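K.L.:
Could you look at this predicted model? Sequence included:
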Amino acid sequence: MNIGLLGGTFDPIHRGHIALARAAMEKCKLSRIYFVTANVPPHKQLQPLSPFLNRYAMVALATAPEKAFIPSLLEAPEESSSGESAAAATAAQAASASAASRVTSSARLSNHNG
C-alpha cells in the first residue's frame, strides 16, 4: 500500500490542496493521503496563525468527502513541545507507524514532473 503525506499550515485549507492531493494520488498510485496540519512551521513563526485545532478541524471537514484523504495529528502540539514543526521527524514517525507501507512525502511528490 502506497501512502502520501501532504503537509501544510492549512490556514485555511483550499481547493488547491485538494486538487494537488487528487493529482498526487493518481500520478503516484497512492491508496491514501494523510493531510498533516503543521503546528508552527519555521517559515511562519512570526506570522499569526489560527489555532492548531481550528486548522485541523478545517482539514477534517474539507477531506471528509474523500475516503482516501485522512486528516492527521502527526504534528499536533504537545504540552511540553516548543511549538516548532519538524517535517523530518513527522516523516520518520509516519514511516514507523506504517513500516509495511511505502511512504511518499509531499517533497517527493513535487519531484515528479511530467
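P.N.:
In hand now; what should we look at? Numbering: from 1, shown residues only.
K.L.:
Going along the chain, name the helices of the protein.
P.N.:
For the chain, applying DSSP state H gives helices covering 15-27, 52-63, 87-97, 106-110.
K.L.:
and stretch 16-27, which residues are buried?
P.N.:
Buried residues in stretch 16-27, counted by 16 or more other Cβ atoms under 10 Å: H17, I18, L20, A21, A24, M25. Heads up, the C-betas are built off the backbone N, CA and C, glycines and all.
K.L.:
quick one: the second one and A62 touch, right?
P.N.:
Yes - in this structure I18 lies within contact range of A62 using Cβ atoms under 8 Å: 6.5 Å.
K.L.:
Which one of the buried residues of stretch 16-27 is nearest to A76?
P.N.:
Ranked by distance to A76 (Cβ to Cβ), the buried residues of stretch 16-27 are led by H17 at 18.5 Å.
K.L.:
correct me, but that closest one touches T9?
P.N.:
No - counting by Cβ under 8 Å, H17 stays clear of T9, with 10.5 Å between them.
K.L.:
Neighbours of K67, how many?
P.N.:
By the criterion of other Cβ atoms under 10 Å, K67 has 8 neighbours.
K.L.:
From P12, how far out is it?
P.N.:
From K67 across to P12, the span is 22 Å (Cβ to Cβ, to the nearest Å).
K.L.:
do the same with V40
P.N.:
Relative to P12, and taking Cβ to Cβ, V40 is found at 16 Å.
K.L.:
Just want to know which of these two has more residues nearby.
P.N.:
It is V40, of V40 and P12, that has more neighbours when counted by other Cβ under 10 Å, with 18 against 12.
K.L.:
Does that one touch L49 like I think?
P.N.:
Yes - in this structure, V40 is within contact of L49 by Cβ under 8 Å, at 6.8 Å.
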